[in-house]
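Chemist: Build the 3D model from these lines:
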Amino acid sequence: MWIAIGLVAALVLGALFVVGVYNGLVGMRNRYKNAYAQIDVQLKRRYDLIPNLVETAKGYMKHERETLEAVIQARNMAHSAAQAAAQSPGDPGAMKSLGVAEGALSAGLGRLLALSESYPDLKANATMRDLSEELTSTENKVAFARQAYNDSVTEYNTAREVFPAVVLAGTFGFAAAALLEVIEAPQQRQAPKVTFS
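Modeler: So this is what the prediction gives:
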């Protein structure tokens, strides 16, 4: 009789343990998906600002058509990648595509803003100035949201990789989630060389 009670108690404790691990992983997965949703909100805001910025610059930068078109093309690619990532936050392929697209968009925007410095009338334009400030503010919000997402993903991945959760995670379909890392072109990562002659 005591053996039966002990066996039932062990089964109940084991079931409670499995339920606790499962619920913990579900909670962490939902946190990183919510964190991605915050990135998505800021990216949409950013994508909405870019056409206005380009349209404002277009009137002043008639000879920079190639740069303006490259920014719009990079924006469209990043927007498509963000939509795919929103369908499956944490998916390694979607996160990598978004990181590459965001790196290209950041590079294009950097070129556009650098070129705009060569046009004093554009630099003095209130609309351009306001859009640039709003874009900078949005960039900061995207960076903070990306950090919160990456923190949530790291917490989730760590929880699913430690024993005994690692044994249960695969059984219940808790796949590893990917970080969102903006992938820059190699020339963007190089530090400028300074020489004193």
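Chemist: which ones are touching residue 72?
Modeler: Counting by CB atoms under 8 Å, 6 or more residues apart in numbering, residue 72 makes contact with 50-51, 54. To be clear about C-beta, it is placed using only N, CA and C from the backbone, and glycine gets the same treatment.
Chemist: For residue 38, give me its contacts.
Modeler: 145, 148-149.
Chemist: quick one: secondary structure of it?
Modeler: Secondary structure for residue 38, judged by DSSP: H, G, I helix; E, B strand; the rest coil, is helix.
Chemist: tally of neighbours for residue 175?
Modeler: Counted with other CB atoms under 10 Å, the neighbours of residue 175 add up to 13.
Chemist: Is the nearest residue to residue 112 once chain neighbours are set aside in a helix, a strand, or coil?
Modeler: Excluding the flanking residues, the one nearest residue 112 by CB to CB, 6 or more residues apart in numbering is residue 71, at 5.2 Å. Secondary structure, three-state DSSP: residue 71 is helix.
Chemist: what sits against residue 71?
Modeler: Contacts of residue 71 by CB under 8 Å, 6+ apart are 50, 54, 105, 108-109, 111-112.
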